[in-house]
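Undergrad: structural data only, the sequence is not supplied:
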């Protein structure tokens, strides 16, 4: 063997260029639209007409609508993709959405997009919601109207302020610190993840979107925000702000406490767990000692340096520990989608049954 042949033989082989991923075809992706219908008779046909052709099916859920939305759709609609499901009793937007999820998944839907029936949501952005799920980057995608000031030009000021407050409360209660606009009802979810969510006790009424995020957090599902503008026209909202502030606050508090206990003391125990324990102990001790001293002190007698330190130092340490726990929580947002794993399990189940 000549030196030239030996050199050629030992030379590293050139790697073949990586094959590009197969092109996504929305028409073959099993995307279904879910539309809760309650007092939207004047808008629902426009929603159906604007649904892109690549949607495989449309599930309209008549949530015991007093206007007879289901009968109206069946009488006036000409789109063969439409399926009407009826509730005998009103279950709220959450109950109607979950019913739509179940029907679409039963008919083979793989990605389930939910919009309201009032034509407030631009279906031109549906592909933006579906893409992160089809690419395996997210389990759930939702609209976010707060990514640009220009997106908020049509949103009433009261709603802007209210959504900002609700967004921060949702960050605390759900653990998704990277999300905003939690009440946005323009969403998409992977079907396997939807089946898991349907097994949980998700709120059926106006707290549905935020409560759904909380339950997705317990599954460690990845959620993606998708920028889109707000649209408001002649639709009438069924939400009364004064009636939901108190209930929403209590539900956020409940979810926050359940999340902290479950995430840091039941399913795991880590540095944040210790920081929470020590932070609360120091903070409560410092506050209790201060109140006790103030209740029993002699009027006109100045507190000694030791008393001041014994009251202030535990409070300072407690606050620092709690801030560290909060920082850990912010960095602990789920980042690995679960639906590829669920899809593999589903495919393996028939093989296990056959054995």
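TA: That came in fine, so what should we check first? Just so you know, these numbers come straight off a predicted model, no measurement behind them. Residues are numbered from 1 along each chain as shown.
Undergrad: where does the prediction get shaky in this protein?
TA: 1-24, 150-156, 159, 231-244, 350-355 (pLDDT under 70).
Undergrad: in it, which spans are strands?
TA: 31-37, 57-62, 82-86, 111-114, 140-144, 187-190, 223-227 (DSSP state E).
Undergrad: sheet partners, orientation included, of the longest one?
TA: For strand 31-37, the paired strands and their directions (DSSP bridges) are strand 57-62 (parallel), strand 111-114 (parallel).
Undergrad: coming back round to it: can I get the strands of the chain in JSON lines including distance to residue 126 and mean neighbour count?
TA: Backbone N, C-alpha and C define where each C-beta goes, glycine included. Listed next are these as JSON lines, based on distance: least, CB to CB, whole Å; neighbours: other CB atoms under 10 Å:
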{"stretch": "strand 31-37", "distance to residue 126": "8", "mean neighbour count": "27"}
{"stretch": "strand 57-62", "distance to residue 126": "12", "mean neighbour count": "26"}
{"stretch": "strand 82-86", "distance to residue 126": "16", "mean neighbour count": "17"}
{"stretch": "strand 111-114", "distance to residue 126": "6", "mean neighbour count": "27"}
{"stretch": "strand 140-144", "distance to residue 126": "10", "mean neighbour count": "25"}
{"stretch": "strand 187-190", "distance to residue 126": "8", "mean neighbour count": "28"}
{"stretch": "strand 223-227", "distance to residue 126": "10", "mean neighbour count": "20"}
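Undergrad: rebuild those as CSV, extending it with distance to residue 200.
TA: Below are the strands of the chain laid out as CSV (distance: least, CB to CB, whole Å):
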stretch, distance to residue 200
strand 31-37, 18
strand 57-62, 19
strand 82-86, 21
strand 111-114, 16
strand 140-144, 14
strand 187-190, 13
strand 223-227, 15
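Undergrad: of these, which is nearest residue 94?
TA: strand 31-37 (8.6 Å; CB to CB).
Undergrad: quick one, the closest one and strand 82-86 angle?
TA: If you take axes from the mean of the first three to the mean of the last three CA atoms, to 10 degrees, strand 31-37 sits at 40 degrees to strand 82-86.
Undergrad: so how far is strand 31-37 from its chain's centroid?
TA: 17 Å (CA atoms, centre = their mean, to the nearest Å).
Undergrad: what does it rub up against?
TA: 44, 47-48, 51, 54-63, 65, 69-70, 73, 93, 96-97, 100-101, 104, 107, 109-117, 126, 130 (CB atoms under 8 Å, 6 or more residues apart in numbering).
Undergrad: which among those residues end up buried?
TA: Buried residues within the contacts of strand 31-37, defined by neighbour count using 16 or more other CB atoms under 10 Å: 44, 47-48, 51, 55-63, 65, 69-70, 73, 93, 96-97, 100-101, 104, 109-117, 126, 130.
Undergrad: domain assignment for the protein?
TA: As recorded under automatic domain parsing, the domains making up the chain are 26-262, 269-355.
Undergrad: among the ones you listed, show me which one is buried the most.
TA: Ranked by mean neighbour count, the domains of the chain are led by domain 26-262 with a mean of 19 (mean count of other CB atoms under 10 Å).
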